[in-house]
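1. The sequence and its predicted three-dimensional model are supplied below.
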Amino acid sequence: MFDKVIPRLPFLIAIDGPAGSGKGTIAKLLSEKLDLNYLDSGAIYRLIALSSLQEGINLNDAESIISHLKEIDIEFSGGAAFLNNIEVSTQIRTQEVGRIASKIAQHIGVRNQILQVQRDFFCGRGLVAEGRDMTTVVFPNADLKIYLDASPTERAKRRYKQLISKGIDANITDLAEEIKARDRQDMDRMYSPLKIARDAIILNSDDLSIDQTVDAIILNLKDVH
């Protein structure tokens with residue numbers, strides 16, 4: 001039924017936004033409703049971060065990270081993330097891995113290595129891609145660009161519930177401070193900083209449920225030509 005709201009195929013929806021804004025949940029549900037591929041770009045960086053942490057890679061040395069990247073196997077299947085054929089979906093969602101992923105993402109050489117991997121997800125019927133620079137760098141010509149935002153307080157609450165539900169210890173005060181720090185780091189980094197694309201639709205989800213947010217994005221499809 002949703003084919004009727006998609007202007008054409010293949011179709012590309014790119015979603016950016018700060019940490020904890022719900023991009024992953026929204027993008028995944030949106031991709032399922034529209035029967036499009038799904039790219040969680042942050043998970044790619046988190047997988048690299050987890051592996052780098054396990055192997056003691058120097059996070060300040062881009063060349064070491066790039067060399068390590070070429071030695072590991074990253075795969076997504078059935079909504080799960082795999083590192084060297086081992087499922088690590090839960091491990092990559094810890095606060096420490098998120099912090100390291102953000103640090104790794106500051107290296108332009110690392111970002112360039114991952115760029116084509118991300119773009120290869122756009123195939124078949126199309127793609128819903130979410131991250132920090134999907135609308136500005138990875139897919140600047142996306143058919144629909146969304147900047148999904150939410151207040152730091154609301155994002156901390158959501159992140160806390162998500163982590164606790166997965167059995168991961170968390171402190172909501174620490175999460176709020178970490179989210180603010182991540183915002184500064186993501187917005188101030190030299191390469192591919194988090195910013196709102198000129199032609200992106202800004203959607204604040206503070207007072208919206210998950211379904212309402214998805215419906216709001218689908219509603220915007222009618223304005224795409």
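-> Sure thing, it's come through. Residues are numbered from 1 along each chain as shown.
2. Report the contact partners of the residue nearest in space to the middle of the chain.
-> Taking Cα atoms, centre = their mean, the centroid of the chain lies closest to residue 131, which sits 3.1 Å from it. Shown in contact with residue 131 (Cβ atoms under 8 Å, 6 or more residues apart in numbering): 15-16, 23, 39-42, 118, 138. From N, CA and C alone the C-beta is placed, and that goes for glycine too.
3. Looking at this protein, which helix is longest?
-> Ranked by number of residues, the top helix in the chain under DSSP state H is helix 172-188.
4. in that one, what's buried?
-> Across helix 172-188, burial judged by 16 or more other Cβ atoms under 10 Å covers 175-176, 178-179, 182-183, 185-186.
5. Nearest to residue 104, out of those residues: which one, please.
-> When these are ranked by distance to residue 104 (Cβ to Cβ), residue 185 comes first, at 11.5 Å.
6. Tally up the residues packed near the residue lying closest to that closest one once chain neighbours are set aside, please.
-> Nearest non-adjacent residue to residue 185, counting by Cβ to Cβ, 6 or more residues apart in numbering: residue 102, 5.4 Å away. Residue 102 has 21 neighbouring residues, counting by other Cβ atoms under 10 Å.
7. in this protein, which helix or strand is least confident?
-> strand 74-77 (a mean of 84; mean pLDDT, DSSP states H and E).
8. I'd like the next helix or strand past that strand.
-> Following strand 74-77 in sequence order, the next helix or strand is strand 80-83 (DSSP states H and E).
9. can you pull the buried residues of that following strand?
-> 81-83.
10. Next, format the residues you listed as a markdown table and append pLDDT and distance to residue 197.
-> Listed next are those as a markdown table, based on pLDDT from 0 to 100; distance: Cβ to Cβ, whole Å:
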| residue | pLDDT | distance to residue 197 |
| --- | --- | --- |
| 81 | 90 | 27 |
| 82 | 94 | 31 |
| 83 | 96 | 31 |
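11. Quick check: residue 109 touching residue 64?
-> No. Residue 109 is not in contact with residue 64 according to Cβ atoms under 8 Å; the separation is 10.6 Å.
12. list the buried ones in stretch 114-132?
-> For stretch 114-132, burial by neighbour count (16+ other Cβ under 10 Å) applies to 114, 118, 121-122, 126-132.
13. cool, and stretch 93-102?
-> Buried-residue list, stretch 93-102, by 16+ other Cβ under 10 Å: 93-95, 97-102.
14. which other residues reach that stretch?
-> 19, 42, 45-46, 48-50, 52-53, 59, 91, 162-163, 166, 168, 170, 174-175, 178, 182, 185-186.
15. Whichever of those end up buried, select them in PyMOL.
-> In PyMOL, this line selects whichever of the contacts of stretch 93-102 come out buried by 16+ other Cβ under 10 Å:
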select buried, resi 19+42+45+46+48+49+50+52+53+59+91+162+163+170+175+178+182+185+186
